[in-house]
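Colleague: Take a look and give me a structure for this.
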Amino acid sequence: MSDEPYGVTIIFDDNGSEGLLVTSLGNNLYRLEETSFLGEARYHDIIEAEIQGDGSLRFVRVVTPSALKTSSLFLGKELIESPRLSAFLEKVMAVGGNWEKLFESFLILHLPADQESSLLPEFNTLVSDLTRRASQS
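Modeller: Coordinates of the predicted model:
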């Protein structure tokens, strides 16, 4: 068991495999430290996985879903790099949430359930405003 996240290849039955950061919790349980693009698991889910001979993990199931609420949105690279969005993402982290960026323009938000009703509308307003400003320039 390790308290430190480490990178490992996780094999999903029909969807291939991908490298993800996990924290070992013992007894074939792992907490995902990032969202799977290929499988059904996401950031901070606790999964069961079997260690394979090559050190990879074969995904079995999600044992405990993350308590965080996940939303995702495709944004242009310019929007993702916006200082206003950066300030919002810092706010997400400050309240116990997290965020991930995939492929330079796909944003995944992980929001605490008690903050989702205030942060998600704020995020949507911010994105609408940034999109409108980008289209005017």
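Colleague: When you work out contacts or count neighbours from here on, use the C-alpha atoms and nothing else.
Modeller: Noted.
Colleague: If you drop the residues flanking it in sequence, what lies closest to Ile47?
Modeller: Excluding its sequence neighbours, the residue lying closest to Ile47 (Cα to Cα, 6 or more residues apart in numbering) is Val62, at 4.3 Å.
Colleague: most residues in a single helix of the protein, which one?
Modeller: helix 113-136 (DSSP state H).
Colleague: can you pull the contacts of Lys101?
Modeller: Contacts for Lys101 (Cα atoms under 8 Å, 6 or more residues apart in numbering) come out as 107-108.
Colleague: Domain-wise, how is this protein divided?
Modeller: 6-64, 68-136 (automatic domain parsing).
Colleague: related to what we said a few turns ago, could you give me the buried positions within the longest helix of the chain?
Modeller: By neighbour count on 16 or more other Cα atoms under 10 Å, the buried set for helix 113-136 is 116, 119, 123, 126-127, 130.
Colleague: Please list the residues outside the helix or strand bottoming out on mean pLDDT in the chain that contact it.
Modeller: Least confident helix or strand of the chain, by mean pLDDT, DSSP states H and E, is helix 77-80 with a mean of 81. For helix 77-80, the external contacting residues (Cα under 8 Å, 6+ apart) are 85-86, 104-105, 107, 127, 130-131.
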